[in-house]
Structure formats: C-alpha cells, structure tokens
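Participant: next one to model:
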Amino acid sequence: MKRTWAWLGVLAGFLSSLAGLAGTVCITCGPVCGVVCGTACATGAGYVITGILGLSLATFFQKYSVWLIGLGILFVARGIFLILRREPMKVQFAQKRSFRGVRKPKKTDEGVEECCGNVLSKEETVFRPVSRLGVIATSKGEIPVISSDWSFADATGAIAVRLNFDRMNYAVAPGLYALGKPLPASPVFVSANYKLSFDILRRELKGLDSWLLVLDTNGINVWCAAGKGTFGTGELVKRIADTGLSKIVTTRKLIVPQLGAPGIEAHKVQQRSGFSVIYGPVQAQDIPTFLSAGCQATPEMRKVTFPALERFTVSVMEVALVLKKGLFITGLFLMGTLAWSAPAYSNAGRPFLVLAGVFWAAILTGTVLHAVLLPVLPGRAFSVRGGFLGLAVASLISILGNSTGVFPHSFSTSICMALLFSALSAYLALNFTGASTFTSHTGVKKEVEWALPIIYAAMVIPVLFQILSFFGRVV
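Facilitator: Predicted structure coming up:
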C-alpha cells in the first residue's frame, strides 16, 4: 500500500508539473498533488515532492527553467529509486540522526539494531559462502574444514567492503571451523563473523592446525562489536555451548583478539564455561610468533598503531560513504553550469563548475587530507582539526582563484566559501572518530554535542547570506 501511494504521488505530481510548464495551472498544483498523494508513509515521497516543486517552479521563474527542471528531474529520479528499493524515509532519518551520540545497539524482538540505525533481522541475514575443503567428524557433528588461502571472490570482496559496497551485509555463519587438521589439543581462536576479520585471521593462520570459534556479531568487526556488546561475554559463552566446544577439544584456553577485550569479562567466561581467556596480539600477523613464545606477547604486539598508510586506507572508505550524495550535489552544480551558460547569460555558468571543484576539494580535505595529517594538526578535537585544515585550504583556493582569474569573487564571497568549506571539512573529520585510535567513547560523545551546532551554523549562515545577496541583485 505504501508503494502504491508513493507511485500515485509521482504520477500526479508529474502530470501537474507538465500542465504547469504549459502554463495552464498555477505554480502550486505540482507540490500540492505530490503532498496529497505521495506522503502517506512517505516511501521516497520527500524527494519526489521536492522534485515536483522544482518542475513546477520552472513555469514561474522562466529565467531559471533549465536549472529548476534539472533539479526536479534529479530529485524525482532519487525518489523513484527509493520507491523501487522500498526504503522508508523514516529509516533514512534514523540513519542521519544516529550520528548524534555513540550508543550500544538496542535489542528488539526482530533482531539487533546495527550501528547505522537499521534492524538486522536474524531470519533475513544472508551469510557469505565459505570455501570448504572437507569436514571433520566429531561427537558433536561434522565441523567444516576451511582453507587459509583467499579465493578471487575473497579478494574482490575485501576491496569492495573497503569502498563501502555492501559493507553491512558481509558476514559468515557463526560457529566452529577447522583449519588444517586440528587435534583436540590444538589452539582455539575466537573471531567475529564479519567476513573480512574472519578472512584475515584464517590467512594469517596458514600452516597452523587450529580451531576457529566465530561469534555472531551481526557482521561487525571485532573492535566495533566489542564496544557495542555483540562481541561479548554472553555471546562467547553461548557460542561455546551451542557448538559443544568442550566435547570437541581438550584444551580449555581461548585465544581472543586483544581488540575484543572491552567486551569480554574473562573471569565470567571461565566461571560460566570452564574456558580461560588469553588475549592475543593486536595484529593477526603476529600470532605465529605469539604462539612460539608460549602465548606471551611483547610490548610491540600490544601496541595499537595507526600509521599514515592505514589512515589513508580508511579515509578511502570515508570518501565512499559520501560518494552518492556528493555526486548528486555535483549534478546540481553541473545543471547550474548548463543553465547559466546559455547564450542569454554569456559565461555566467562558470562559477557553478568552479564550485563543484571546490565542493570536492572540501570533501577530500575533510577525509583523505585530514586522515593523513591527523597527528600533526593542531587541537585535540577532530572537528577543530578538520575545521582549521579546511580553512587553510579554502583560503589557498580563494587566493589562487582571484589571482589567476579562474574564479574572481568578492571578499564577502571568500568569507562565505571559507565558512562552508571549513564546516564541511570539520563535519567529515568528526565522522573519522569512528575509524580512529586517537579518540575515546566519552570524548566522541562530548565533541559531537558541542561541535555539531557550530558546524551547522557555519553551513547555514553563509548560504542564507548568499541567497539574500543574490535576490537583492536580481529583484
């Protein structure tokens, strides 16, 4: 029913917009029909209504018809895309609001709420296949034997999730797995069922006969899942019982990743299951050395590092997170370029093209450049570091734009651009707190509470100023 109403909204708004372009109805027909027919449960209708408004306004502002028609088409296309995906607007809003505050996932009757605000249904979870070499027969049933080598699908999947493609649906089935030909006394390693974590662990254990106990963390990596409670004491004890681990192995030691320590209470695990917990090294590549040293970690193995190359790798995913919205906004800039580059307006469309470049410069500044330069930037707060960096880059662009004549503009425009640039850079830098070792849970919560209002103000004020200045010139 939701989908039907949304499609009715699209149809009614489209027809009324065509009539509006023909000059036979007033400007409000498009948005009114869209609101009446499309807002029931609002599956994609918000975008559709906005697009209809743009199409309808085209008949009123003849001067900007190309710009407004392009704007309307982009928004309507986005709305139709959401309708086809059956993605409710309320879910989008929940995802946007989830940035305000770091919190543990809420357990519901349907499943467990993921970090972005959606609910992961246990019944609807689709696990990625794991290549099996055979099985090992035990008193508790057959245990799958897996390979330490990555397949082509494993390698391409790892690249895809680092680029944020289907990242929240990249999990393997929880349970017990065997590597090589493990004996009852072979070591038992604990991991999350996020497939990339699982794949890296089995790759680093090549040549080592061992058991892998995979916890159900809803497809979230060890570190994040430990903070959210899904890689925790209860799930570990439950998985030991469900797999019948005590009947399969004779060892009573579990090697748990050090980054999973925040979620594990070792003494309670031993009390409830009989297994003691040993925390392994931070890096999976150090496991062979760790085992050869009698499960003793060196200080270097306990140290969490975050060098420039790793920061750059993570920043690529941060760019991917804003890619869709960024391309959409870029489309608006390009549409403005076409609209204002018509013969009647001479070369007035150039600023829109320049602004598209400035927009992406701000994105890359707040993601890639901020991540690489993170340790040397001034300030402790991520938003402050990103804001200062954005201000510096915006000032450089402004100076070069005026001196070269590529983008000549007034001093007030330079101030507005600097505010917008630094605000966007600060927001994206604040987003990096979830991917960094340079922060803490309480620190992030405090920074989000005071930084977001300032960032929003820095975005809104220059936009309002430019709009008022623009209409002041044309009226």
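Participant: pull the residues that contact stretch 299-319.
Facilitator: Stretch 299-319 is contacted by residues 162-164, 167, 258-259, 281-283, 286, 289-290, 363-364, 367-368, 370-372, 374, 428, 431-432, 435-438 when judged by Cβ atoms under 8 Å, 6 or more residues apart in numbering. C-beta: built from backbone N, CA, C; applies to glycine.
Participant: narrow those to just the buried residues.
Facilitator: Members of the contacts of stretch 299-319 that pass the buried threshold by neighbour count (16 or more other Cβ atoms under 10 Å) are listed as 164, 167, 258-259, 281-283, 286, 290, 363-364, 367-368, 370-371, 374, 428, 431-432, 435.
Participant: show me the residues you listed that map onto strands.
Facilitator: Of the positions in these, not one sits in strands, assigned by DSSP state E.
Participant: in helices only, show me those.
Facilitator: Using DSSP state H, the members of the buried ones among the contacts of stretch 299-319 that fall within helices are 290, 363, 364, 370, 371, 428, 431.
Participant: now flag whichever of these is closest to residue 224.
Facilitator: Within those, the smallest distance to residue 224 is 14.4 Å, found for residue 431 (Cβ to Cβ).
Participant: find the nearest non-adjacent residue to that closest one, please.
Facilitator: Closest residue to residue 431 in three dimensions, ignoring its sequence neighbours and counting by Cβ to Cβ, 6 or more residues apart in numbering: residue 318, at 6.4 Å.
Participant: tell me which element the one you found is part of?
Facilitator: With the criterion set as DSSP states H and E, the secondary-structure element containing residue 318 is helix 308-321.
Participant: and the helix or strand containing residue 225, what does it pack onto?
Facilitator: Secondary structure assigned from DSSP H and E places residue 225 in helix 222-228. Applying 3 or more Cβ pairs under 8 Å, 6 or more residues apart in numbering; DSSP states H and E, we find helix 222-228 packed against strand 188-192.
Participant: one more pass at 10 Å, please.
Facilitator: Using 3 or more Cβ pairs under 10 Å, 6 or more residues apart in numbering; DSSP states H and E as the contact criterion, the elements in contact with helix 222-228 are strand 188-192, helix 195-204.
Participant: how about the ones you listed, which one is nearest residue 137?
Facilitator: strand 188-192 (18.2 Å).
Participant: please identify the most buried of the helices and strands packed on helix 222-228.
Facilitator: Across the helices and strands packed on helix 222-228, the average number of neighbours (mean count of other Cβ atoms under 10 Å) peaks for strand 188-192, which reaches a mean of 26.
Participant: can you give me the angle that one makes with helix 195-204?
Facilitator: Using axes from the mean of the first three to the mean of the last three Cα atoms, to 10 degrees, the direction of strand 188-192 lies 150 degrees away from that of helix 195-204.
Participant: run a quick neighbour tally on the closest residue in space to residue 261 that isn't next to it in sequence.
Facilitator: In space, and not counting its chain neighbours, residue 261 is closest to residue 279: 5.7 Å by Cβ to Cβ, 6+ apart. Here the number of neighbours of residue 279 (other Cβ atoms under 10 Å) works out to 18.
Participant: wait, doesn't residue 279 sit right on residue 262?
Facilitator: No. Using Cβ atoms under 10 Å, residue 279 makes no contact with residue 262, being 11.2 Å away.
Participant: what's the neighbour count on the residue nearest to residue 431?
Facilitator: Here the count is done by other Cβ under 10 Å, and residue 318 has 22 residues near it.
Participant: gap between it and residue 428?
Facilitator: According to Cβ to Cβ, to the nearest Å, residue 318 and residue 428 sit 7 Å apart.
Participant: now swap in residue 247 and tell me
Facilitator: The span separating residue 247 from residue 428 equals 51 Å under the rule Cβ to Cβ.
Participant: before we move on, the earlier item: export the helix holding residue 225 to CSV, keeping only CA atoms.
Facilitator: Extracted in CSV, the C-alpha atoms of helix 222-228 (Å, rounded to 0.1, in the frame of the first residue of the first chain):
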residue,chain,number,x,y,z
VAL,A,222,35.9,-7.3,16.5
TRP,A,223,36.7,-3.8,17.8
CYS,A,224,33.4,-2.2,17.0
ALA,A,225,31.4,-5.2,18.1
ALA,A,226,33.3,-5.3,21.4
GLY,A,227,32.3,-1.7,22.0
LYS,A,228,28.7,-2.4,21.0
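Participant: avg pLDDT for that helix?
Facilitator: The pLDDT scores in helix 222-228 average 85.
Participant: I'd like the next helix or strand past it.
Facilitator: helix 233-243.
Participant: buried ones in stretch 411-419?
Facilitator: Buried positions in stretch 411-419, judged by neighbour count with 16+ other Cβ under 10 Å: 413, 414, 416, 417, 418, 419.
Participant: also stretch 290-300?
Facilitator: Buried residues in stretch 290-300, defined by neighbour count with 16+ other Cβ under 10 Å: 290, 291, 297.
Participant: give the contact list for the last one.
Facilitator: Contacts were defined as Cβ atoms under 10 Å, 6 or more residues apart in numbering; by that measure residue 297 touches 258, 278, 279, 280, 281, 282, 286, 289, 290, 303.
Participant: which stretches of the stretch 101-250 of the chain aren't confidently modelled?
Facilitator: Residue ranges of the stretch 101-250 of the chain with pLDDT under 70: 101-125.
Participant: rerun that using 50 as the cut-off
Facilitator: Applying pLDDT under 50 to the stretch 101-250 of the chain flags residues 101-121, 123.
Participant: who's in contact with the nearest residue to residue 321 once chain neighbours are set aside?
Facilitator: Using Cβ to Cβ, 6+ apart and skipping the chain neighbours, the partner closest in space to residue 321 is residue 164 (5.5 Å). Shown in contact with residue 164 (Cβ under 10 Å, 6+ apart): 316, 317, 318, 319, 320, 321, 322, 323, 324.
Participant: did I read that right, residue 127 in a strand?
Facilitator: No. When DSSP: H, G, I helix; E, B strand; the rest coil is applied, residue 127 is found to be coil, with no strand at that position.
Participant: residues contacting it?
Facilitator: 169, 170, 171, 172, 173, 174, 193, 195, 219.
Participant: okay, and the beta partners of the third one?
Facilitator: Spelled out, that is residue 171. With DSSP bridges applied, residue 171 shows beta-bridge pairing to residue 194.
Participant: what residues go with each domain of this protein?
Facilitator: For the chain, automatic domain parsing gives the domain ranges 1-97, 116-303, 305-475.
Participant: and for residue 224, the neighbour number?
Facilitator: 17.
Participant: I'd assumed residue 192 was in contact with it.
Facilitator: Yes. If you go by Cβ under 10 Å, residue 224 and residue 192 touch, sitting 8.7 Å apart.
Participant: overlap of the contact sets of the two?
Facilitator: Taking Cβ under 10 Å, 6+ apart as the criterion, residue 224 and residue 192 both touch 217, 230, 231, 259.
Participant: so residue 290 touches residue 205, yeah?
Facilitator: No. The pair residue 290 and residue 205 does not pass the contact test of Cβ under 10 Å, sitting 11.4 Å apart.
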